[in-house]
Structures are given as structure tokens and as C-alpha cells.
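K.L.:
3D, please:
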Amino acid sequence: MSRLKQKKAAQIKPLEVVKYGHPALRSKGKKVEKIDDSIRALAEEMIVTMYEEDGCGLAAHQVGRSIQMAVIDVMPAFEDRPSRAWMNGRELELESLMPLVMINPEIHPVGEERSFEVEGCLSMPGLHDEVERPDRVRIVCQDIDGSVLDFEAEGLLSRAAQHEYDHLHGILFIDHLSPEDRETHQPLLRKFQAKASPF
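P.N.:
Model (predicted):
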């Protein structure tokens with residue numbers, strides 16, 4: 001992040017991340033019809049919130065807004081969990097994409113390869129489990145300027161994009177687990193639910 005960006009980011013206050021049990025997490029996000037200043041401001045707040053929470057992705061649903069927008073930055077985790085991206089068959093400098101703002105994204109698997117990797121979620125702190133997903137995906141979305149991005153991704157970027165895309169459709173990573181694995185997480189999920197409930 002440039003010094004100017006850092007200075008600007010320092011003036012932006014992080015948003016509250018809603019926890020499991022909040023209705024926004026189970027809603028299908030509305031399409032963003034117009035990328036205006038309010039959407040751009042929300043994207044900036046979400047990026048600051050993601051960094052503040054040490055996450056590599058954050059969906060608008062997680063800050064209580066049911067719209068088709070998510071932010072991602074996989075660079076802080078690059079050494080442990082690398083990523084690659086290609087546009088028109090040419091490999092991209094990953095840093096040039098980050099932080100990525102995905103507006104109205106569509107995600108399509110590329111190839112048959114799938115793998116299990118550990119995932120967590122800022123809306124379910126402390127809960128982690130292995131989730132099977134396609135290794136490589138094609139991501140088509142609008143960026144913050146309204147331009148269309150169309151690229152392929154592998155590694156953590158592929159996984160983070162799929163995880164955030166799920167959020168935009170009311171799907172949580174625990175929905176991909178077997179009933180037995182979900183059962184092991186019930187005590188923690190009940191704790192989140194109790195805090196989220198107004199009663």
C-alpha cells in the first residue's frame with residue numbers, strides 16, 4: 001500500500017463484522033446496479049476492516065450489507081499459501097490485482113482438479129475445517145471503477161474468491177462439511193447464535 005493510501009486508510013474506521021446467526025449471512029445479495037461513491041466508500045471501509053481483522057477476504061454480507069460485493073487481499077499470506085492468476089493466458093503480477101474488489105462476480109471451475117484445504121471465517125472466529133473446492137477458477141466481475149475483470153486464479157486467491165462468492169449467496173463454508181463434521185462445531189455455533197439472538 002502506498003504511503004498516500006496508508007494515510008487515507010488510517011482515516012477510515014473499520015466496520016463491525018457480524019457473527020454467525022446474523023440474518024445478513026444467510027441472505028442472497030442484491031446485484032450492485034450502480035457503482036457510485038457510496039459503493040466505493042463501502043469497499044474502502046471493507047478493505048480497512050479486512051486488514052484490521054487479519055483476514056484475506058470479506059464479503060459485504062459480513063458487515064451487514066446484502067449486496068454482491070467482496071474484497072480480497074492474499075498478499076499477506078503469500079509465503080504460506082501462494083496464489084497465481086492469469087489474464088488472456090498471461091500470468092499476472094499478483095500485487096497488481098490486490099486488494100481486489102469483486103462486484104457482481106461470477107465464478108466458474110476450470111478443469112477437474114479439486115483439493116481440501118483449511119478455511120476459517122471472520123464471522124465465525126476460532127472455527128476452522130477442511131473444505132473441498134476446485135483448484136482453479138475463472139472469475140468475472142466488475143472492479144471499483146466499473147471495468148470488467150476476467151481472469152483465472154489458483155491457490156489461496158481461487159479459494160478465497162470461492163469462499164467470498166458463497167457469502168454473496170448466503171452460503172457459509174460450514175455448509176460444505178459433512179453432517180458429522182458440522183456436528184463437532186455445534187457448541188461453538190450455538191455460542192455465536194446465542195450472542196446474535198436478541199432474546
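
K.L.:
Number of residues surrounding E180?
P.N.:
7 (other Cβ atoms under 10 Å). To be clear about C-beta, it is placed using only N, CA and C from the backbone, and glycine gets the same treatment.

K.L.:
What's the separation between it and G146?
P.N.:
E180 is 45 Å from G146, where distance means Cβ to Cβ, to the nearest Å.

K.L.:
does the nearest residue to A43 once chain neighbours are set aside sit in a helix, a strand or a coil?
P.N.:
Spatial nearest neighbour of A43, excluding adjacent residues (Cβ to Cβ, 6 or more residues apart in numbering): V101 at 4.8 Å. Per DSSP: H, G, I helix; E, B strand; the rest coil, the local secondary structure of V101 is strand.

K.L.:
was I right about V101 contacting I144?
P.N.:
Yes: the pair V101 / I144 is scored as a contact, 4.6 Å apart, by Cβ atoms under 8 Å.

K.L.:
Give me the residues contacting the biggest helix by length in the chain.
P.N.:
Counting residues, the longest helix found in the chain (DSSP state H) is helix 37-52. Here helix 37-52 makes contact (Cβ atoms under 8 Å, 6 or more residues apart in numbering) with 8-9, 12-15, 17, 32, 56-58, 60, 63, 65, 69-71, 73, 99, 101, 103, 122, 144.

K.L.:
Run me through the strand neighbours of the helix or strand just after it, direction for each.
P.N.:
Where DSSP states H and E defines the elements, the next helix or strand beyond helix 37-52 is strand 57-59. Here strand 57-59 is paired, per DSSP bridges, with strand 69-72 (antiparallel).

K.L.:
So which of V101 and I144 has more stuff around it?
P.N.:
More crowded of V101 and I144, by other Cβ under 10 Å: V101, with 23 against 18.

K.L.:
returning to that earlier point: chain center to the longest helix of the chain: distance?
P.N.:
Chain-centre distance of helix 37-52: 13 Å, with Cα atoms, centre = their mean, to the nearest Å.

K.L.:
So which bits of that helix are buried?
P.N.:
For helix 37-52, the buried set under the neighbour-count rule, 16 or more other Cβ atoms under 10 Å, comprises 39, 42-51.

K.L.:
what's the closest of the residues you listed to I139?
P.N.:
Comparing those against I139 with Cβ to Cβ places A43 closest, at 16.4 Å.

K.L.:
Can you get me a residue count around P23?
P.N.:
When neighbours are counted by other Cβ under 10 Å, P23 comes out with 12.

K.L.:
now the one 3 residues further on
P.N.:
Taking other Cβ under 10 Å as the neighbour definition, R26 ends up with a count of 14.

K.L.:
circling back to that earlier point, and which of the buried residues of helix 37-52 is nearest R133?
P.N.:
Among those, M50 lies closest to R133 (Cβ to Cβ), at 20.1 Å.
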